[in-house]
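Peer 1: Below is the sequence, then the predicted model.
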There are 2 protein chains.
Amino acid sequence: MSLIVQKFGGTSVANSERINAVADRVKKYVDNGHQVVVVVSAMSGETNKLLKLISEVNSKPDPRESDVILSTGEQVTIGLTALAIQERGIKAKSYTGSQVKILTDNAHSKARIINIGTENIQKDLNNGFVLVIAGFQGADEQGNITTLGRGGSDTTAVAIAAALNADECQIYTDVDGIYTTDPRVVKNAKRLKSITFEEMLEMASLGSKVLQLRSVEFAGKYKVNLRVLSSFEEEGEGTIITYEEDHKMEDPIISGIAFNRDEAKVTVESIPDTPGIAYQILGPIADQNIDVDMIIQNIGHDGLNDFTFTVNTTELNKTLDILEAMKEKLGAKKIIGDPKVAKLSLVGVGMRSHVGVASKMFRTLSEEGINISTISTSEIKISILIEKESLDSAVQALHKAFNLDQ
Amino acid sequence: MSLIVQKFGGTSVANSERINAVADRVKKYVDNGHQVVVVVSAMSGETNKLLKLISEVNSKPDPRESDVILSTGEQVTIGLTALAIQERGIKAKSYTGSQVKILTDNAHSKARIINIGTENIQKDLNNGFVLVIAGFQGADEQGNITTLGRGGSDTTAVAIAAALNADECQIYTDVDGIYTTDPRVVKNAKRLKSITFEEMLEMASLGSKVLQLRSVEFAGKYKVNLRVLSSFEEEGEGTIITYEEDHKMEDPIISGIAFNRDEAKVTVESIPDTPGIAYQILGPIADQNIDVDMIIQNIGHDGLNDFTFTVNTTELNKTLDILEAMKEKLGAKKIIGDPKVAKLSLVGVGMRSHVGVASKMFRTLSEEGINISTISTSEIKISILIEKESLDSAVQALHKAFNLDQ
């Protein structure tokens, strides 16, 4: 008997028919003798419907109240899913984030999980219940309802799996696994049988929208066995996400190509090259809960330097406002925002033991006439910023050059 | 400065336009220096939408899970209403039933309020917040979400008003007050400026659907000043519900005519006329949370008696099943269920000091050729069961006979 956590996203619970399919899948696992904990998102479309209502009554909605409203999406799904499971003669019980209790900080709309109370759910598990838990939500110490932000249901599932010491955490999505790159851009992209946590972390943060970044961090930290599967297929192994130490020498050099069209480049030009300047720039941005992705700083000249980083395009204006207000204090010459960039990354743990990946990448792009504006590397990835309109051809050329379709 | 609790039902918060109108009304009271607590129901239509989803996944839904699902209706409304009030520059904060905390028993779908925690909400009130509280819901001691049943939002409003010692509890509905009878049956039915709690209690329990029975009980018990108003009119005094002791000799004899088409008559025929038989019959029915309304027992003959009571028609079959199972134990000859009855009641505190109300009532009906199957009286009302199809003409004849249209 294994304890399995299964997470179903919005499209997997989009209507009662899909919810019944989820219940059928749960029944199969229960019939095979497993204990099952189900984590569900809101029915797809619900969150947008609620966001529309919110916009009709308030132009700058208080995140506390938005969370109260948005969290109802999963609350409906947990009840319906529990009922669908009960209909199949299996004991089931729903839990909201507050009821679990999933304790978070109070950063409404992007809260982080601090702790998961397992006392109640462990007792119900021992008594033979299938638990159906609301993803994406929790409560702070005062009992205010919080949400973890879009995609946060994955994080809930992994955190629950970690807290209960589950044997496997299965993430059901509308794709059947992790691909070498987005099949919408490269037709013969291939499904990976396995990928390391580190690679997945880079893939997720760079825009492979299959898993949410924080869920992968959590899984790596607590050694949760994670598997991505399709909820639209009866069978299928999906992609398992493994620990790096399990990897072999014959790993492919490159596992995949990730990209993100939603990033904007921000450059603070000609600032004094003094210690602490990076913190002075990014501190106030982090304080506003704006996520910063790439950070690039080259060597300076004449005591001056340029500092570049990327944020989500939706937060570009807010970021520029913050920086403009600090411009004089920073002694910066100019603040530049560029929303027309796209990020592309080659990711692979095999990269470490192989020289020449970067030069091959740059040669390929040069042959395509694509200009690289910014480069940043880590041990297992090379990320570049290029013009948004060149992205598709860049991904296609690199996918071919690195034999990812083999 | 007064503390006013305002309750808005489903049609009063049916869409963002109506919610904005609620916020405008709240602002008017706040601008006049009042403290305001708002209690809201689910947007009209939402509950039925959720019930449909429930029926699509389970044929006999577990009430615990149904409550988890249905309670989201008000949770959406409290968030939206708080946001609409905030948009007008007023501090506002939403509370679910669990957050308040409104402690109930665990009779899911028809729970009763045991206690209302006022610590948090009193603090927010003192800090100048308008509170927006979810009606119809609470939580039991284990933190399971409960609902008070349809119409329970009125009860929440009155209970909150009592707990906070509010100056007035205003119930906004789609009618502008309490009428002498249903205007759909009698065209020239008149709005009452005031009605006593006792009369209202009789009116509510007998089917005047403006206020929910339990809310009136609560209001009377805790001496909460209750007023029924229309949310569709800018001005208007509505009907205030007063204490009996405030009443004068010149009160009209009859205040109104209530009726209910949703009752079914149950008769247990020829049971031994022994002490405790009534409890033996009704105990198991109460245990199943079936509400019993009229109870009639006449003197017996030859040690045998007939016992008659009414239940909601939707619970008739369940009631008959319970009784059939006990038939032998009770020593009853026959169990009869009749869903074709309607209940009609004359209500008025003035009735007490005037003889002849009953005889005038019976003469009027006799002249109309309407047969009375069952009679039951209290100090301030006379209730009868007649055939459903005679109900309208009976109400019209009595409304005229007792000069209620004057």
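Peer 2: On my side now, so go ahead.

Peer 1: For the rest of this, base every contact and every neighbour count on C-alpha atoms.
Peer 2: Fine.

Peer 1: Can you name the element that comes right after the helix or strand hosting residue A:98?
Peer 2: Assigned by DSSP states H and E, residue A:98 belongs to helix A:97-100. The helix or strand immediately downstream of helix A:97-100 is strand A:102-104, counting by DSSP H and E.

Peer 1: Now do that next one: which elements does it pack against?
Peer 2: Packing contacts for strand A:102-104, counted by 3 or more Cα pairs under 8 Å, 6 or more residues apart in numbering or on different chains; DSSP states H and E, involve strand A:113-116, strand A:137-139.

Peer 1: what about the next helix or strand after the shortest one, near chain B?
Peer 2: When you say that, I think you mean strand A:137-139. Using DSSP H and E, the helix or strand that follows strand A:137-139 towards the C-terminus is strand A:145-147. No: remark: strand A:145-147 sits outside contact range of chain B, by Cα under 8 Å from any Cα of the partner chain, the gap being at least 9.2 Å.

Peer 1: For strand A:145-147, which helices and strands make contact with it?
Peer 2: So strand A:145-147, by 3+ Cα pairs under 8 Å, 6+ apart, packs with helix A:63-70, strand A:137-139.

Peer 1: highest average neighbour count across those?
Peer 2: Comparing these by mean neighbour count (mean count of other Cα atoms under 10 Å in any protein chain shown), strand A:137-139 ranks first with a mean of 31.

Peer 1: Minimum distance to chain B: which of the helices and strands packed on strand A:102-104 has it?
Peer 2: Closest to chain B of these is strand A:137-139 (Cα to the nearest Cα; 10.7 Å).

Peer 1: before we move on, the earlier item: name the surrounding residues that touch the helix holding residue A:98.
Peer 2: Contacting residues not belonging to helix A:97-100 are listed as A:116-118, A:120-121, A:133-135, A:137-139, A:143, A:145, B:143-144 [Cα atoms under 8 Å, 6 or more residues apart in numbering or on different chains].

Peer 1: Dump the helices and strands packed on strand A:102-104 to TSV, plus mean pLDDT and distance to residue B:284.
Peer 2: Formatted as TSV, the helices and strands packed on strand A:102-104 follow (pLDDT from 0 to 100; distance: least, Cα to Cα, whole Å):
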stretch	mean pLDDT	distance to residue B:284
strand A:113-116	94	42
strand A:137-139	97	41
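
Peer 1: ok, back up a step: wait, which of the helices and strands packed on strand A:145-147 is closest to chain B?
Peer 2: helix A:63-70 (4.7 Å).

Peer 1: near chain B at all, that closest one?
Peer 2: Yes: applying Cα under 8 Å from any Cα, one finds helix A:63-70 touching chain B at A:65-66, A:68-70.

Peer 1: Show me what the following helix or strand past that helix is packed up against.
Peer 2: Later in the chain than helix A:63-70, the nearest helix or strand by DSSP H and E is helix A:72-87. Counting contacts by 3+ Cα pairs under 8 Å, 6+ apart, helix A:72-87 packs against helix A:16-31, strand A:35-40, strand A:92-95, strand A:130-134, helix B:46-57, helix B:63-70, helix B:72-87.

Peer 1: Relative to the whole chain's centre, how far out is helix A:72-87?
Peer 2: Remark: helix A:72-87 is offset 24 Å from the chain centroid, using Cα atoms, centre = their mean, to the nearest Å.

Peer 1: Ok, stretch A:27-36 next?
Peer 2: Worked out by Cα atoms, centre = their mean, stretch A:27-36 lies 28 Å from the chain centre.

Peer 1: and that stretch, what's its mean pLDDT?
Peer 2: Mean pLDDT, stretch A:27-36: 96.

Peer 1: Report the lowest-confidence entry in the contacts of helix A:97-100.
Peer 2: residue A:120 (91).

Peer 1: and that residue, what element?
Peer 2: Per DSSP H and E, residue A:120 falls inside helix A:119-126.

Peer 1: and that helix, which residues are buried?
Peer 2: Buried residues in helix A:119-126, counted by 16 or more other Cα atoms under 10 Å in any protein chain shown: A:121, A:124-125.

Peer 1: which residue does the stretch 201-350 of chain A bring closest to chain B?
Peer 2: Counting by Cα to the nearest Cα, the stretch 201-350 of chain A gets nearest to chain B through residue A:231 (18.0 Å).

Peer 1: residues contacting that residue?
Peer 2: By Cα under 8 Å, 6+ apart, the contact set of residue A:231 is A:8, A:12, A:22, A:172-176.

Peer 1: Is it possible to get a markdown table of these that adds distance to chain B, neighbour count and secondary structure?
Peer 2: Shown next, in a markdown table, are those (distance: Cα to the nearest Cα, whole Å; neighbours: other Cα atoms under 10 Å in any protein chain shown; DSSP: H, G, I helix; E, B strand; the rest coil):
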| residue | distance to chain B | neighbour count | secondary structure |
| --- | --- | --- | --- |
| A:8 | 17 | 27 | strand |
| A:12 | 15 | 24 | helix |
| A:22 | 11 | 25 | helix |
| A:172 | 20 | 28 | strand |
| A:173 | 21 | 20 | strand |
| A:174 | 22 | 17 | coil |
| A:175 | 25 | 16 | coil |
| A:176 | 26 | 21 | coil |
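
Peer 1: low-confidence ranges in chain A?
Peer 2: Residues of chain A meeting the criterion pLDDT under 70: A:150-151, A:204-209, A:244-252.

Peer 1: center of chain A - which residue?
Peer 2: Central residue check for chain A by Cα atoms, centre = their mean: the C-alpha nearest the mean position is that of residue A:212, 1.8 Å away.

Peer 1: That one contacts residue A:154, doesn't it?
Peer 2: Yes: with contacts counted by Cα atoms under 8 Å, residue A:212 reaches residue A:154, the gap being 6.2 Å.

Peer 1: end to end, how far does stretch A:120-138 reach?
Peer 2: 15 Å (Cα to Cα, to the nearest Å).
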